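Undergrad: Output the structure for:
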Amino acid sequence: MNGMSKGERTRERIGQIALDMMRTRGLEQVRVEEIAREAGVTKSSFYSYFSSKNEILIHLLQECVDAVAFEIYQADLGSDSFERLCGLAEVYCRVVEEHLGVDLQRVLCAILMQPGRRGVDLLDRGTLLYGEIHKA
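TA: Below is the predicted model of the structure:
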């Protein structure tokens, strides 16, 4: 958090507190009022940083995606396609678990896979993208 403005540090603190609360209690059991109180800000201040709990999740997921991309870039994934696929999966699972925790990851996957959501379509496109990347 070095070099960050006070507002950026507050936003990060709110996000971290929300993540910790969601990890232990689940997404639906955490209220904005509780996050704000624990972060030492008013409810209205919370809304100046995030419009909702869902926006916090978007922020946390973006950080996680950035970390996964960085780790994959740094990783030695092996030479053949199966080794690379296993390496990608291992990096992804490890980084997501470190950033979000297993329970919150399950909640997000369950949300994504609900009827009417695009989860299956996104997984299919990810598989196709992986295939295209490794043809090149």
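
Undergrad: Residues contacting stretch 37-56, please?
TA: With contacts defined as Cβ atoms under 8 Å, 6 or more residues apart in numbering, stretch 37-56 is touched by 7, 10-11, 13-15, 17-19, 21, 27, 30, 32-33, 35-36, 59. The way it works is simple: take the backbone N, C-alpha and C, and place the C-beta from them, glycine included.

Undergrad: switch the cut-off to 6 Å
TA: Residues from elsewhere that reach stretch 37-56 (Cβ atoms under 6 Å, 6 or more residues apart in numbering): Arg11, Arg13, Ile14, Gly15, Ile17, Ala18, Val32, Glu33, Ala36.

Undergrad: Could you find which two of those residues are furthest from each other?
TA: Within the contacts of stretch 37-56, Arg11 and Glu33 form the most distant pair, 17.7 Å apart (Cβ to Cβ).

Undergrad: and those two? which has more neighbours close in?
TA: More neighbours surround Arg11 than the other of Arg11 and Glu33, with 18 against 11 (other Cβ atoms under 10 Å).

Undergrad: Who are the contact partners of that one?
TA: Arg11 makes contact with Tyr49 under the criterion Cβ under 6 Å, 6+ apart.

Undergrad: Beyond the stretch of helix or strand it belongs to, next helix or strand please.
TA: Using DSSP states H and E, Arg11 sits within helix 6-25. Using DSSP H and E, the next helix or strand after helix 6-25 towards the C-terminus is helix 32-39.

Undergrad: about what we covered before: how far is the helix holding Arg11 from where the chain is centred?
TA: Taking the mean of its C-alpha atoms, helix 6-25 sits 13 Å from the chain's own mean (Cα atoms, centre = their mean, to the nearest Å).

Undergrad: List the buried residues of it.
TA: For helix 6-25, burial by neighbour count (16 or more other Cβ atoms under 10 Å) applies to Thr10, Arg11, Arg13, Ile14, Gly15, Ile17, Ala18, Leu19, Met21, Met22, Arg23.

Undergrad: that older thread, tell me the one among the contacts of stretch 37-56 nearest to Ala89.
TA: Distances from Ala89 to these, taken by Cβ to Cβ, are shortest for Gly15, at 26.4 Å.

Undergrad: Just the pLDDT for the closest one.
TA: pLDDT recorded at Gly15 is 91.
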